[in-house]
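Participant: Predicted model and sequence follow; I will ask about them next.
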Amino acid sequence: MKLKIEQLDRGAFAPFGDVIACDGSRHYQINDGFAERYHDLAKVDIAADGGRPLINIFRAKPRTLPLQIAMMERHPLSSQAFMPLMPRAFLVVVAAAGTVPTAEDLRCFRTHGLQGVNYAPGTWHFPLIALETEQDFLVVDRGGPGRNCDEVAIAGDVFVVD
């Protein structure tokens, strides 16, 4: 099965979490007009069972297309946000929270390089898909007690193609 790449936008991504981007976001001036605050861009949810926020940087190596999607993961106790630290596009493969996804449940989105994503708790997703070059991401997720990462195999041959 070939997984079609869609352009990332807030409406299409809403079932899976939040798009983190300045365009179209609520904002206002701060610091005597020397800064613009883009406010409340994602619903960070990490408090389950005594969790605490973790601020991380992930360095993703580039992947080549076609890319086989043979597994998915989810974080049932928290959201997980990824914001690129360089203006480069990356891909996001997701499926709705709930039961184990099948190939038909998967969707793939391409960011425009200045967008990040925040996966809602339990949203199935494939690990980071950097394109063309190594890429750093600011990642906000949960630390604390409890199992917060489930992985499942995806049956069949599912490939992201450009």
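Facilitator: Received the coordinates, thanks.
Participant: Residue 41: what's it in contact with?
Facilitator: By C-beta atoms under 8 Å, 6 or more residues apart in numbering, the contact set of residue 41 is 18, 20, 21, 25, 118. For the C-beta atoms, the positions are set from N, CA and C on the backbone; glycine is no exception.
Participant: Return the residue of this structure that is most distant from the centre.
Facilitator: In the chain, the residue that sits farthest from the middle, by C-alpha atoms, centre = their mean, is residue 32; the gap is 33.4 Å.
Participant: and that residue, helix, strand or coil?
Facilitator: Per DSSP: H, G, I helix; E, B strand; the rest coil, the secondary structure class of residue 32 is helix.
Participant: Tell me the predicted confidence for it.
Facilitator: Looking at residue 32, its pLDDT reads 96.
Participant: who does the spatially most central residue of the chain bridge with?
Facilitator: By C-alpha atoms, centre = their mean, the chain has its centre lying nearest to residue 117, at 4.1 Å. Beta-bridge pairing for residue 117 (DSSP bridges): residue 19, residue 82.
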